[in-house]
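>>> Fold the following, please.
(one chain, ligands or ions: 1)
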Amino acid sequence: MSDLKNIKNYNYGLEKIFEEAQDFLPIMGTDYVEYYVGNAKQAAHFYKTALGFQSFAYAGLETGVKDRTSYVVAQDKIKLIFTTPMPGSGSSEIYDHITKHGDGVKVIALWVEDAKKSWEETTKRGAKSYFEPKTEKDKDGEVVLAGIHTYGDTVHIFVERKNYEGVFLPGYEKWESHYNPTDCGLKFIDHMVGNVDWGQMNVWGKFYKDVMGFAQLISFDDKDISTEFTALMSKVMTNGNGRIKFPINEPAKGKKKSQIEEYIDFYKGAGVQHIAVATDDIVFTVSEMAKRGVEFLYVPGEYYDTVGDRVGEIAEDMKILKKHGIMVDRDDEGYLLQIFTKPLTDRPTLFFEIIQRKGAQSFGKGNFRALFESIEAEQERRGTL
Ligand code: FE2
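All right, here's what the predicted structure looks like:
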């Protein structure tokens, strides 16, 4: 019943929630996500080949950047940067990040109207500065950038690009490639989830509320999100226009090891757990990605015996959803279709979620049990349960 209550409050209160989020930090959307990786060239190739991203921009020795190499890939509104350190000064932070965390997300960049004001308003409210506002220029104009720390070694960079006409950012040039695999229908980032350590969910929920002006959309306790063996807790924070949604997870006690604890053990601390990307046609997206080598979490066949009773009429053919392992959930406003990849990195840390919303604004709570049993089966195979 608590789910129903949550969802009801959530629907009645949606406008109130967005109002409650304060407007000292207007965010237009996610600007980009930057990974620190061991081999940017190969990572970019994988995201192009397997997930349908396109070559977009490049920075490195040829563009006058000496301490790192960065490849930017794009798909519709999504931009990902893969950055690898180069020998020399200035790159030790990147080396350290990779040594500690393996490949992972360093930067969740937010597109703002005024980067200096965003930095001032958030640092005034207690954010730790990552770097002060700075203006970077080239022949195509200027951008203003500023950064603050969030959970673990992850940071937010505010990007103000209203006076910039270049391909991406100063220091980057267009990445032309003769290898251009077709896209997989990914549109934009729906939400990005952070895993934090024991007892830290409320600390970081409060950070997004007090420092960033976000409001709490919904919360799940360990009774909502548990199987017989493992559990977690989660709180979803949103900004005022709903374009930025950050669920924050922490482990909860169960008979066996929480998947969040496994993440923390392997990532060596808090960090980004998954990036959920929206598609208009999940069957197309998932068939394309599977064909190109992406592995998805297995959903037990029995899931589909009862899902129809739970979600009612849907436009899609359940047999096709079953074939691909796509899950369905419904709330008061509609339904959603979702599927999760296995980790995309060697460590069992970062993964992608593919989500198609058909009215529903929630996060697939009805699928948690099936999903967790599937994750537990993977943990069992890794010997980390
Ligand atoms: Fe998600």
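>>> How about the residues of the stretch 251-385 of the chain by the ion?
For the stretch 251-385 of the chain, the contact set with the ion under CB under 5 Å from the ion comprises 276, 353. C-betas here are computed from N, CA, C, even on glycine.
>>> Now do the strands in the stretch 251-385 of the chain.
271-279, 327-331, 334-340, 351-358 (DSSP state E, counting those that start in this stretch).
>>> Tabulate those (a markdown table), appending mean pLDDT, distance to residue 47 and mean neighbour count.
Converted to a markdown table, these look like this (pLDDT from 0 to 100; distance: least, CB to CB, whole Å; neighbours: other CB atoms under 10 Å):
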| stretch | mean pLDDT | distance to residue 47 | mean neighbour count |
| --- | --- | --- | --- |
| strand 271-279 | 98 | 11 | 23 |
| strand 327-331 | 93 | 24 | 23 |
| strand 334-340 | 96 | 17 | 22 |
| strand 351-358 | 97 | 10 | 21 |
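>>> right, so of those, which gets closest to residue 90?
strand 271-279 (22.7 Å; CB to CB).
>>> what comes into contact with the closest one?
33, 78, 101, 104-105, 108, 151-154, 184-195, 249, 260, 263, 285, 338, 340, 349-357 (CB atoms under 8 Å, 6 or more residues apart in numbering).
>>> and if you look at stretch 242-250?
Residues from elsewhere that reach stretch 242-250 (CB under 8 Å, 6+ apart): 18, 27-30, 110, 151, 190-201, 204-205, 208, 214, 217, 232-239, 260, 273, 363.
>>> Quick check: the nearest residue to residue 373 once chain neighbours are set aside vs the ion, distance?
Spatial nearest neighbour of residue 373, excluding adjacent residues (CB to CB, 6 or more residues apart in numbering): residue 227 at 5.7 Å. Distance of residue 227 to the ion, computed by CB to the ion, to the nearest Å: 17 Å.
>>> For residue 227, which residues are in contact?
Here residue 227 is in contact with 254, 369, 372, 373, 376 (CB under 8 Å, 6+ apart).
>>> Residue 251 versus that one, what's the distance?
Per CB to CB, to the nearest Å, residue 227 is found 14 Å from residue 251.
>>> if we can go back for a sec, mind checking which of the contacts of stretch 242-250 are buried?
When those are checked for burial by 16 or more other CB atoms under 10 Å, the buried set is 27, 30, 110, 151, 190-197, 200-201, 204-205, 208, 214, 217, 232-239, 260, 273, 363.
>>> about what we covered before: among the contacts of residue 227, the buried ones, what's the PyMOL command?
Per 16+ other CB under 10 Å, the buried members of those correspond to this PyMOL selection:
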select buried, resi 254+372+373+376
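>>> that older thread, which ones among the buried ones among the contacts of stretch 242-250 lie within helices?
Residues of these located in helices (DSSP state H): 201, 204, 205, 260.
>>> Out of those, name the two that are farthest from one another.
205 and 260 (14.8 Å).
>>> Quick one: the helices in the stretch 101-250 of the chain, in order.
For the stretch 101-250 of the chain, the helices defined by DSSP state H, counting those that start in this stretch cover 115-124, 201-206.
>>> And those helices: which comes nearest residue 131?
Comparison of those against residue 131 by CB to CB identifies helix 115-124 as nearest, at 8.8 Å.
>>> Give me the contacts around that closest one.
24-25, 110, 112, 129, 132-133, 144-148, 158-160, 211-213.
>>> rerun that using 7 Å as the cut-off
Outside helix 115-124, the residues within contact range by CB atoms under 7 Å, 6 or more residues apart in numbering are 24-25, 112, 129, 132-133, 144-146, 148, 158-160, 211-212.
>>> Narrow those residues to just the buried residues.
By 16+ other CB under 10 Å, the contacts of helix 115-124 give 25, 112, 133, 144, 145, 146, 148, 158, 159, 160, 211, 212 as buried.
>>> how close does residue 42 get to residue 197?
For residue 42 relative to residue 197 (CB to CB), the value is 31 Å.
>>> okay, the strands of the stretch 251-385 of the chain in CSV with distance to residue 60 next?
Output for those, formatted as CSV (distance: least, CB to CB, whole Å):
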stretch, distance to residue 60
strand 271-279, 24
strand 327-331, 40
strand 334-340, 33
strand 351-358, 26
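>>> Any stretches of this protein with poor pLDDT?
Scanning the chain for pLDDT under 70 picks out 1-13, 20-22.
>>> Domain map for the protein?
With domains defined by automatic domain parsing, the chain comprises 3-21+184-382, 27-174.
>>> before we move on, the earlier item: which ones among the buried ones among the contacts of stretch 242-250 map onto strands?
Among those, the members found in strands (DSSP state E) are 27, 30, 110, 190-195, 217, 232-238, 273.
>>> In space, what's closest to residue 258 - neighbours in sequence excluded?
That would be residue 251: by CB to CB, 6+ apart, it lies 3.7 Å from residue 258.
>>> Now for the one you found: which residues touch it?
With contact set as CB under 7 Å, 6+ apart, residue 251 has these partners: 198, 232, 258, 260, 261.
>>> Please repeat the previous calculation with a cut-off of 8 Å.
By CB under 8 Å, 6+ apart, the contact list for residue 251 reads 197, 198, 231, 232, 258, 259, 260, 261, 264.
>>> what about it, distance to residue 344?
Residue 251 sits 21 Å away from residue 344, taking CB to CB as the criterion.
>>> Now the residue in the stretch 151-300 of the chain positioned nearest to the ion. Nearest residue, chain neighbours left out?
Relative to the ion, the nearest point of the stretch 151-300 of the chain is residue 276 (4.3 Å; CB to the ion). Nearest residue to residue 276, sequence neighbours excluded (CB to CB, 6+ apart): residue 353, at 3.9 Å.
>>> wait, isn't the one you found in contact with residue 337?
No. Counting by CB atoms under 8 Å, residue 353 sits too far from residue 337 to count as a contact (11.0 Å).
>>> Can you list phi and psi of the spatially most distant residue from the centre of the chain for me?
Going by CA atoms, centre = their mean, the residue of the chain most distant from its centre is residue 139, 32.5 Å out. In terms of degrees, to the nearest 10, the main-chain angles of residue 139 are phi -60, psi -20.
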